[in-house]
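> Mind folding the following:
(chains A and B)
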Amino acid sequence: MTRYVVGRVLQAVVVLWAAYTLTFAILYLLPSDPMELQLAAAGLQLDSLTPEQLAAGKAQFGLDQSIAAQYWHHLWAALHGDFGISLTQQTPVTDLIGQRIGKTLLLSVSAATVALLAGSALAYLATFARWNPLRTFLTRLPALGASFPQFFIALFLIQFFSFQLGWLPATGSEGPSSLVMPVLTISVLNSSILAQVLIKSFDETLSQPYITTARAKGLSRSAVHLRHAFRNAVLPAMTILGVIVGLTVTSSIVVETVFTREGVGKLAQEAVLSQDVPVVLAVVTIAAALFVTVNLIVDLLYPLLDPRISHTRTRIDPEVVTAV
Amino acid sequence: MSVSRFLRPIAVAVTASLALAACGGGEETSAASGTPKAGGTVKVSFWPDNPNFSCIDPFQVYWIEHRSIIRNFADSLTDQDPETGKIVPWLASKWEISPDGLTYTFTLRDGVTFSNGKKVDAQAVADNVTGWIETVKATNGAAFGASYIQGLTGATVVDPLTVKLTLSKPNSSFLQATSTTNLAITDPAEFALPAAERCTGKGVIGSGLFVLDHYTPKTETVLTKRAGYSWGSELSENKGEARLDKVIFNYVAEDSVRTGNLTSGAIDVAWPRNPFSPQDETLIEKSGKKIEERSLPGVSYTLFANTTAGRPLADKQVRLALSKALDRATYAKTIYGDGYPVVKGAYNSTTPYFKSQESKLGYDPDGAAELLDAAGWTLGADGIRVKDGKQLTVDYPLTSFVGNAELLQAQAKKVGINLTLRQLTPAQQATYLNEGSYDLTSTYFTRADPGALQFILNPDVANSKALARQSSTPDAVVKVQDLFAKALQTTDQKQTTTAYEDLQDFLIDEGITIPLNERVQKVGLSEKVHGFAFTSESFLKLNDVWKD
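Now for the predicted structure:
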């Protein structure tokens, strides 16, 4: 068990480092000149500087050093929680993110929770329903939900709930009412993905022999469904949960932009477009850290749900474990 | 020299041009539509904040939305009447200009203070002057305010309420400059801070009827009412404290969302950069809201060519052909709806000294074809012109300021010019001019004075020296600078008028500026907002605004 945990943690650290390094490399391979972006941010143009001023500027931003030296410098600083100064806003990156991360986390966590509940409920109903047309409809619903582009859903919701009915604010991040439509937008995609996986996994589990045994013992349909099938069916969904948390991060880029919410997603979008290297690096690092952490938690939860995963020495038949 | 004598010619020129603009729409909503109420918060939505240069420091800001904000928290020495162009007293109760045009003596109004309690006295004004000059030096002339203070060498305190500003050479647009937001007077302590730090709003303290509460780049800017304000200029009905308690400005990227927020009552003012689409306008009017509009004075929305040798537009005849290929009337009508004014020159019609070039800007595809034939560009099989085996391809990179380029592309194609459109990211937008990797670009500049164009075309004070150098051949740069010098470095109004008119002719004749459309500031207003007014630069003026 310890070996398993240590292995997973090490893997997480490596993934995080790789994400940082890869982003750094991509950003520094881009053709534009970071010095010029810095100057533009200060209202200056490159050609308005004398060569001496230019050299001094480069030295000030550390741009006169080699790429490797800059990389180590940034990595070392990042390890100490210092992500430098934003090129376009002249503000410490940690401040920019600090002001926004709360709003994005609230959005992500709410959206993931709603997606989890809605996705599970839909999967449960779809597999529990006996009337065939309803069952077919519920089974195909997730495919529809997963096909709509998020910006479309967002604009549709805005048009209807903000402009027509005037119930919810179309922009901003003040109060719980501003959270409703962004959470809905993200949840439609994520709950659909989750429901798709869960439905398939339910169907597979329900055709297992131990379910037949349970039914033969005279257990009620709901008891079989909830107590016996659910626990096994939920394993693949756990894996998807890690992906869903990652998806809420990418979704927040779209959703925060459309709803004009000042979160990390919108910051990331703006920073990428204006090649604000320190901000992009920090956002990618934080997103990767979140992703890695959630996946680590999922990995560590597996053995609790399914002892087969860490017990490599004693093999136990799945039917025996789950049908007890 | 008396003020009125000095200004009369300007006033005449401006009145003529503004009479035209006044037909366009309600310049001023009278505050008399009910008894003004005190209190309340007004929410204003702009388009996105400047992606490359977040700034709220008056001297450095060129972003027009922020100049609207600054107008309401920082006062200037003088104010400018939007209807007549006349310069009127504000922080300065009177002024005198020496006959040689080199000395401006301002007498300040007594009892004015910055919002931190410090006095707005002669010393404060003199320190502002020093601060401006220092800022220009520190940025090698790239700071935006540079084009406003050409020739200014310093200021001396005569007595606590009298300050003398000295110029090394006459600058006929300097008095107008003192009325702008860029030469707003702020607590000079701010100049001890580095320019970039001031941009965040740190140390930026004015004497306006609102106080800058905070500026969060790309998110919001909030103004709160200044208690005890009592020195509004004669251009406001209400010269005292603001009626509103608070004004919140935010930035909404989607035009449809901004308009929807207005029609659903979530915001009070929708202030887009580009005019509303005809559809949005209908939507706003149907919901019972109002639209106010005024042409922005300054450089019209203009195409500038890259005239670097070897580029297709280095040839004047090709530039002129491109200009003749543009059907400006159809463009204005298609994009902005019926009744939208068609551009008539290098400047918008509300600019002082404006001279219409209408006769030279007509749609003339045949004339364009003739010019191109004569220049050796013959029609190829696919409808694109060819010379020495090379197609007539014009690279037009798209910045966030460009819209509706497809229509332009279609019009160019009719005469055999292949206009290629290339979307730039904000990062590329910050660098493409220096790289010179374009054939055509577009920009504009807002200022109620023809000097506005210097910020684009005069390499000495231009924000992008690359753009200034590439837009005209070296000979033409010299000629443009010479005409500006003639117009500015004189106290003779006749000379100024002649030089500015010659300049406008020259720019169009040489195809240096290829105007595309008149720029109209349209504003969507909630029916609850009263007393709305534009400044002379078509910025927001909050003195008389109140809310139900």
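
> so A:Pro182 is in which element?
Taking DSSP states H and E as the definition, one finds A:Pro182 inside helix A:177-206.

> What count of nearby residues applies to residue 195?
No chain was given, so I picked chain A. 28 (other C-beta atoms under 10 Å in any protein chain shown). (C-beta placed from N, C-alpha, C; glycine too.)

> my bad, the chain I had in mind was chain B
20.

> pLDDT score for it?
With respect to pLDDT, B:Ala195 scores 86.

> can you list the weak-confidence ranges in the stretch 51-200 of chain A?
Across the stretch 51-200 of chain A, the ranges flagged by pLDDT under 70 are A:61.

> So which elements touch the helix holding A:Pro182?
Helices and strands touching helix A:177-206, by 3 or more C-beta pairs under 8 Å, 6 or more residues apart in numbering or on different chains; DSSP states H and E, are helix A:93-128, helix A:132-147, helix A:150-157, helix A:230-258.

> want to try JSON lines for those, with mean neighbour count and distance to A:Asn190 as columns?
Below are the helices and strands packed on helix A:177-206 laid out as JSON lines (neighbours: other C-beta atoms under 10 Å in any protein chain shown; distance: least, C-beta to C-beta, whole Å):
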{"stretch": "helix A:93-128", "mean neighbour count": "20", "distance to A:Asn190": "4"}
{"stretch": "helix A:132-147", "mean neighbour count": "14", "distance to A:Asn190": "9"}
{"stretch": "helix A:150-157", "mean neighbour count": "18", "distance to A:Asn190": "10"}
{"stretch": "helix A:230-258", "mean neighbour count": "21", "distance to A:Asn190": "5"}
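
> and these as a markdown table, adding distance to A:Leu30?
Shown next, in a markdown table, are those (distance: least, C-beta to C-beta, whole Å):
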| stretch | distance to A:Leu30 |
| --- | --- |
| helix A:93-128 | 18 |
| helix A:132-147 | 32 |
| helix A:150-157 | 25 |
| helix A:230-258 | 19 |
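
> Which among those is found nearest to chain B?
For the helices and strands packed on helix A:177-206, the distance to chain B is smallest for helix A:230-258, at 6.8 Å, taking C-beta to the nearest C-beta.

> picking up where we left off before, after the helix holding A:Pro182, which helix or strand is next?
Next element after helix A:177-206 (DSSP H and E): helix A:209-216.

> where's the residue most central in space within chain A relative to B:Asp505, distance?
Nearest to the geometric centre of chain A sits A:Gly246, at 1.9 Å (C-alpha atoms, centre = their mean). In this view, A:Gly246 and B:Asp505 are 62 Å apart by C-beta to C-beta, to the nearest Å.

> In the stretch 251-400 of chain B, which residue sits closest to chain A?
Counting by C-beta to the nearest C-beta, the stretch 251-400 of chain B gets nearest chain A through B:Gly260, at 4.2 Å.

> any idea what that residue is structurally, helix, strand or coil?
The three-state assignment at B:Gly260 reads helix, by DSSP: H, G, I helix; E, B strand; the rest coil.

> and it, what does it touch?
Residues in contact with B:Gly260 (C-beta atoms under 8 Å, 6 or more residues apart in numbering or on different chains) are A:158-159, A:162-163, A:170.

> Okay, domains of the chain per the record?
Picking chain A for this. Listed by automatic domain parsing, the domain ranges of chain A are A:2-79, A:93-320.

> oops, I was thinking of chain B
B:6-295+B:521-547, B:298-518.

> Redo those domains as CSV? Include distance to A:Ala18.
Compiled in CSV, the domains of chain B are given as follows (distance: least, C-beta to C-beta, whole Å):
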stretch, distance to A:Ala18
domain B:6-295+B:521-547, 30
domain B:298-518, 25
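
> among those, which is nearest A:Phe137?
Across the domains of chain B, A:Phe137 has its closest neighbour in domain B:6-295+B:521-547 (33.0 Å, C-beta to C-beta).

> Distance of the residue lying closest to A:Ala229 once chain neighbours are set aside relative to chain B?
Among residues not flanking A:Ala229 along the chain, A:Thr205 sits closest, at 4.7 Å (C-beta to C-beta, 6 or more residues apart in numbering or on different chains). Distance, A:Thr205 to chain B, using C-beta to the nearest C-beta, to the nearest Å: 45 Å.

> Could you pull up the contacting residues of A:Thr205?
A:Thr205 neighbours (C-beta under 8 Å, 6+ apart): A:211, A:229, A:232-233.

> Which pLDDT value belongs to it?
84.

> That one and A:Gln60: what is the separation?
62 Å.

> same thing with A:Val6?
Counting by C-beta to C-beta, the gap from A:Val6 to A:Gln60 is 43 Å.

> tell me which element B:Tyr444 falls in.
strand B:440-446.

> So what's the residue count around B:Glu527?
12.

> right, and it touches B:Ile291 too?
No. Using C-beta atoms under 8 Å, B:Glu527 is not in contact with B:Ile291, being 11.7 Å away.

> so what's A:Arg130 up against?
A:Arg130 neighbours (C-beta under 8 Å, 6+ apart): none.

> Do you know the pLDDT at B:Asp338?
So B:Asp338 comes in at 88 (pLDDT).

> Confirm it sits in a helix?
No. When three-state DSSP is applied, B:Asp338 is found to be coil, with no helix at that position.

> need the contact list for it.
B:Pro278.

> let's go with 7 Å and repeat that
For B:Asp338, the contact set (C-beta atoms under 7 Å, 6 or more residues apart in numbering or on different chains) is empty.

> Max pairwise distance over the contacts of A:Thr205: which two?
Longest span within these, C-beta to C-beta: A:Ile211 and A:Ala233, 10.5 Å.

> Keep only the contacts of B:Gly260 that also lie close to chain B.
The subset of the contacts of B:Gly260 within reach of chain B, by C-beta under 7 Å from any C-beta of the partner chain, is A:158, A:162-163, A:170.

> From these, pick the one nearest chain B.
When the ones next to chain B among the contacts of B:Gly260 are compared against chain B (criterion: C-beta to the nearest C-beta), the nearest one is A:Phe163, at 4.2 Å.
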